[in-house]
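**Student:** pasting the sequence and the predicted coordinates here, then a few questions.
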Number of protein chains: 2
Amino acid sequence: MSEIIKDLVQKNDSKIVMIVLDGLGGLPVNGTTEMELANTPNLDSLAWKSATGLHIPVEFGITPGSGPGHLGIFGYNPVQWQIGRGVLEALGLGMELRSTDVAMRCNYSTVRDGLVVDRRAGRIPTEESKKLTQKLQSEIKQIDDAEVIFAPGMEHRFAVVLRFPEELPPGSDRVNDTDPQKEGKAPIKPVGENENSQKVASIAEKLVQKASEILKSEEKANYILLRGISQVPSIPSFNEQFGLRALAIAVYPMYRGLARLIGMDTPEIEGDIREELEFLRKNYDSYDFFFVHIKKTDSYGEDGNFEAKAKKLEEFDSFVPEILELKPDVLIITGDHSTPCILKSHSWHPVPVLIHSPYVLGGLSTAFTERECAKGELGVFKAYHILPLALANAGRLKKFGA
Amino acid sequence: MSEIIKDLVQKNDSKIVMIVLDGLGGLPVNGTTEMELANTPNLDSLAWKSATGLHIPVEFGITPGSGPGHLGIFGYNPVQWQIGRGVLEALGLGMELRSTDVAMRCNYSTVRDGLVVDRRAGRIPTEESKKLTQKLQSEIKQIDDAEVIFAPGMEHRFAVVLRFPEELPPGSDRVNDTDPQKEGKAPIKPVGENENSQKVASIAEKLVQKASEILKSEEKANYILLRGISQVPSIPSFNEQFGLRALAIAVYPMYRGLARLIGMDTPEIEGDIREELEFLRKNYDSYDFFFVHIKKTDSYGEDGNFEAKAKKLEEFDSFVPEILELKPDVLIITGDHSTPCILKSHSWHPVPVLIHSPYVLGGLSTAFTERECAKGELGVFKAYHILPLALANAGRLKKFGA
């Protein structure tokens, strides 16, 4: 599929803005969803004039993590391009990953007499953990041909990246977690499950040995457990695939990191919606595509804070006229997945989406809500079709066949 | 997909009529689409009693040419079965292609001192071009083991078919265009990009040499450029695939040609809707499936003539009672793609479709328009599902599994 698109891409001066309200979709409480509760006159009016629908991030019934959720709306089939847990953790800690990297999530833990007695080392304070991680970094810089890079996280968590001189062959990350998952068991030895993964397994084992030697006098954090060992996937770049110079505008490191995986520019920025849109305006002339990530809708969903999620949508609604003043050729407003407050977690529910351009039917959704978008001209469809639709509306796709 | 269908097909005496209003779908002007503007009481009443929906000819965002547009509604996945530009050109000029053929689009051009100075030979008059093509045909009948068949076109255009004694292996048509695309450059030598395509490349080179020798004293048309060199795809026949003896009723050669590619009977006919329906009635007893192609909706769309496109729909509407009098077991009315007047070209927009039979829900679309079909029981779905739905409604598909 993506091969067809790639061959049809043509360039022009159009601008495409994609606003991602993280965890946008919800479910009813007393008959009303978060989106239905929110008073969003600008979004409702825009929905009426847009192509609307519900997108399925991965597959019917599948609840996506942030990685697959974003890959889908970036136009990649998230089943085809999977992002390992170690890679996502490293991105979340702001590490800049390269295609030659293998990343892993790590825990400080307490081991006595060869058995894990506390998998989280008593959840040591973040400040203490940070110091230990700095100590590890100062003493472990290289193992075999891999540069070893540490990044501190919250409490007992941190991440490690092994940076190799060149890209490893596929399957080189097929190494088990060393975390036994239960206290009272011995840590598991990292073993490569195929020929290609022997190298990473061997370095992982040395990493555990060296770190434990350095940490041995610590009362709690005297051992490290490794999980989610994963190579950085070699995803074709967004520019290569869709011919778009893309800017990611996201406050949280993980979303910038996901965008960076496909080659978007990802400058660090701070603030919230106002600052993100200010940044959009400043950089509007320099790019073709803008991914604007708004985090708090998801955070309030995870908290189960129905009112706060609705309020955040109202706040975003007040900025819609400013976005329209930029006159993007195509404006997409959607989420990467649903986060219904009643579930307090990501969910499998299709996500409302609107695509605004001069070339839509419109007139089918009276509001920007889950139920009104279900009536739209796009139907219920896979998230990775959004990007081709945006390209088509922007005049960036040639005809297929004669 | 088609493999499942093929195994489930059973025959009976049912009749399926598929009316294709070329370029049917449109977009709003002052809030109203071409279909919404047209006063079509018969179609609207039929839509209310039919299964309705919007079909996607190829994929979300993809604008189909006529080839993929028709393959889709004929039940073939147009991404799987691609029709080359040379083949489509030859079909459009009324050439009868065989599976052993390689076709190409050709231009008369002007070359001086080895450089193309006019890619279209001053758009020489069609009559003059026709004479030159006859001259080429009289002097070039065979090159190596290929019979060479010329067909004149409009102005500087013509087509050539190389007819081989047997089907060539796949990839034999991987030969570049010789058209340099810009004036002031030398024509490009045809080169085969793999082992299988060396034969066609060599014949193409000899064709250019021989033609240029014959044309050398012409003032303008002294050289030929080749484009879109392509094998006739070996698509499984419609009868083999769906068990239907099919008649194509189309005035324009290209659509008859497309139907002939999958083995439909394709007698030449003239006229417009009235004559086509007369022809349908006359042949109604002799076939199971009837493809009736109505061209002008697309032509008016391409012209951007909103009123004329709507009028053509009204004209077609007036014939709907006559079609219903035939009492087809299944009646399908749709288009091969959308051609919105505001775009003056084919587009990616989903196409309204209605399937009328005694075995539908109905009651969901109050009119035969884009927006009313969006509310239908078929949803937004791929074009190549229409044929299996028609077969099911005609009682021509057995149960799948026990």
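**Tutor:** Yep, it's here.
**Student:** show me where the stretch 151-300 of chain A has strands.
**Tutor:** Ranges of strands within the stretch 151-300 of chain A are A:157-163, A:223-231, A:246-249, A:289-294, based on DSSP state E, counting those that start in this stretch.
**Student:** can you tell me which of those strands is nearest to chain B?
**Tutor:** strand A:289-294 (14.7 Å; Cβ to the nearest Cβ). Just so you know, the C-beta spots here come from the backbone N, C-alpha and C atoms, and that holds for glycine as well.
**Student:** quick one: the closest one near chain B?
**Tutor:** No. Judged by Cβ under 8 Å from any Cβ of the partner chain, strand A:289-294 stays clear of chain B, getting no closer than 14.7 Å.
**Student:** for the record, mean pLDDT for that strand?
**Tutor:** Mean per-residue pLDDT for strand A:289-294: 98.
**Student:** which residues sit against it?
**Tutor:** Strand A:289-294 has contacts (Cβ atoms under 8 Å, 6 or more residues apart in numbering or on different chains) with A:15-22, A:74, A:238, A:242, A:244-252, A:255, A:259, A:264, A:272-273, A:276-277, A:280, A:283-284, A:312, A:316, A:328.
**Student:** still on that earlier bit, in TSV: the strands of the stretch 151-300 of chain A, plus mean neighbour count.
**Tutor:** Below are the strands of the stretch 151-300 of chain A laid out as TSV (neighbours: other Cβ atoms under 10 Å in any protein chain shown):
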stretch	mean neighbour count
strand A:157-163	24
strand A:223-231	24
strand A:246-249	24
strand A:289-294	25
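**Student:** distance to B:Phe381 added to these, as CSV?
**Tutor:** Listed next are the strands of the stretch 151-300 of chain A as CSV, based on distance: least, Cβ to Cβ, whole Å:
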stretch, distance to B:Phe381
strand A:157-163, 44
strand A:223-231, 37
strand A:246-249, 31
strand A:289-294, 29
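**Student:** quick one, which of those strands is nearest to B:Phe400?
**Tutor:** Among those, strand A:223-231 comes nearest to B:Phe400, with 39.8 Å by Cβ to Cβ.
**Student:** what's the offset of the closest one from the middle of its chain?
**Tutor:** Distance, stretch centre to chain centre, for strand A:223-231: 20 Å (Cα atoms, centre = their mean, to the nearest Å).
**Student:** partner strands of it and their direction?
**Tutor:** On the basis of DSSP bridges, the sheet neighbours of strand A:223-231 come out as strand A:101-112 (antiparallel).
**Student:** against which helices or strands is the helix or strand just after the strand it pairs with packed?
**Tutor:** Toward the C-terminus, strand A:101-112 is succeeded by strand A:115-118 as the next helix or strand (DSSP states H and E). Strand A:115-118 is packed against strand A:101-112, with contacts defined by 3 or more Cβ pairs under 8 Å, 6 or more residues apart in numbering or on different chains; DSSP states H and E.
**Student:** quick check: residues of the stretch 51-200 of chain A near chain B?
**Tutor:** Contacts of the stretch 51-200 of chain A with chain B, taken as Cβ under 8 Å from any Cβ, map to A:Gly53.
**Student:** wait, what's in contact with the residue in the stretch 51-200 of chain A that chain B sits nearest to?
**Tutor:** At 7.9 Å from chain B, A:Gly53 is the closest residue in the stretch 51-200 of chain A, using Cβ to the nearest Cβ. By Cβ under 8 Å, 6+ apart, the residues touching A:Gly53 are A:352-353, A:373-374, A:376-381, B:380.
**Student:** before we move on, back to that, in helices, which of the contacts of strand A:289-294 fall?
**Tutor:** Among the contacts of strand A:289-294, DSSP state H puts A:238, A:242, A:255, A:259, A:273, A:276-277, A:280, A:312, A:316 in helices.
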